[in-house]
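Chemist: sequence and predicted structure below; questions after.
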Amino acid sequence: MHESRAGTTSGRIVETEAYVVGDAACHAFRGPTPRNRSLFLERGHAYVYLNYGVWYLFNVSSESHGVGAGVLIRALEPLEGIALMQVRRGTDRVRDLARGPGRLTVAMDIDRRHDGLDLCADGPLWLGRISRPAAQIAASVRIGITRDADRMLRFYERGSPFVSGPVRLGRAGA
DNA sequence: AAGAAGATTCGCT
DNA sequence: GCGAATCTTCTTA
């Protein structure tokens, strides 16, 4: 949920990827830097960074304070503020508003201002139980990475049209 | 000190 | 299907 001056937008998280301790693909793997320091905050804090110099990607820290790890939020099913998301994204296709990590931050207007925020506390940007849980969750390899590429650390709601990438990538229980 | 790669998306061929 | 956009960090000289 993001409450901004322009209006409120919210969505159901339907796709995530875990970046865990000892994971060469995790930005925190080689220790804290100015960019990734939020990954070392207590679980539930935002880590937002600029990817390829173009797109912001939104993560949630997932370990204790001082331990660097997080979860990348890759896709949302839009709930509130769909009209505002359509303006921000420049498309009317609801399915494409937040299908993909870069698109999601545009639709929700998330950027480095939100880096380090406590997403479980009062504030403009937060996580909550505002919608139903997924009926079925599938796992697959993570998308777009080269290091530690075969770990099954991508999780998504099976059958959701709001999940990014080819749906056939998913193979549960491998 | 400079160059390359990286958790992406969009537009053109 | 390929390349551009262009920031941060890592690698190598």
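Modeler: That came in fine, so what should we check first?

Chemist: might you report the residue contacts of the residue most central in space within chain A?
Modeler: Geometric centre of chain A, nearest residue: A:Ile73, 1.3 Å, by C-alpha atoms, centre = their mean. By C-beta atoms under 8 Å, 6 or more residues apart in numbering, the residues touching A:Ile73 are A:13, A:15-16, A:58-60, A:101, A:104. Placement of C-beta: from N, CA and C, glycine included.

Chemist: please apply the same query to A:Arg35.
Modeler: Going by C-beta under 8 Å, 6+ apart, A:Arg35 touches A:27, A:49.

Chemist: mind telling me what element it is part of?
Modeler: Counting by DSSP states H and E, A:Arg35 is held by no secondary-structure element, helix or strand.

Chemist: count the residues that sit near A:His45.
Modeler: The tally of other residues near A:His45 (other C-beta atoms under 10 Å) stands at 22.

Chemist: give the closest residue to it in space, chain neighbours not counted.
Modeler: Take A:His45 and drop its neighbours on the chain: the residue closest to it by C-beta to C-beta, 6 or more residues apart in numbering is A:Ser61, 4.5 Å away.

Chemist: thought that neighbour was touching A:Leu39?
Modeler: Yes: at 5.4 Å, A:Ser61 counts as touching A:Leu39 under the criterion of C-beta atoms under 8 Å.

Chemist: what do these two both touch?
Modeler: A:47, A:69-70.

Chemist: which one of those has the most neighbours?
Modeler: Using other C-beta under 10 Å as the neighbour test, the shared contacts of A:Ser61 and A:Leu39 are led by A:Tyr47, with 29 neighbours.

Chemist: beta partners for that one?
Modeler: Taking DSSP bridges as the rule, A:Tyr47 bridges to A:Asn59.

Chemist: next: A:Ser140.
Modeler: Under the criterion used (DSSP bridges), A:Ser140 bridges to A:Arg154.
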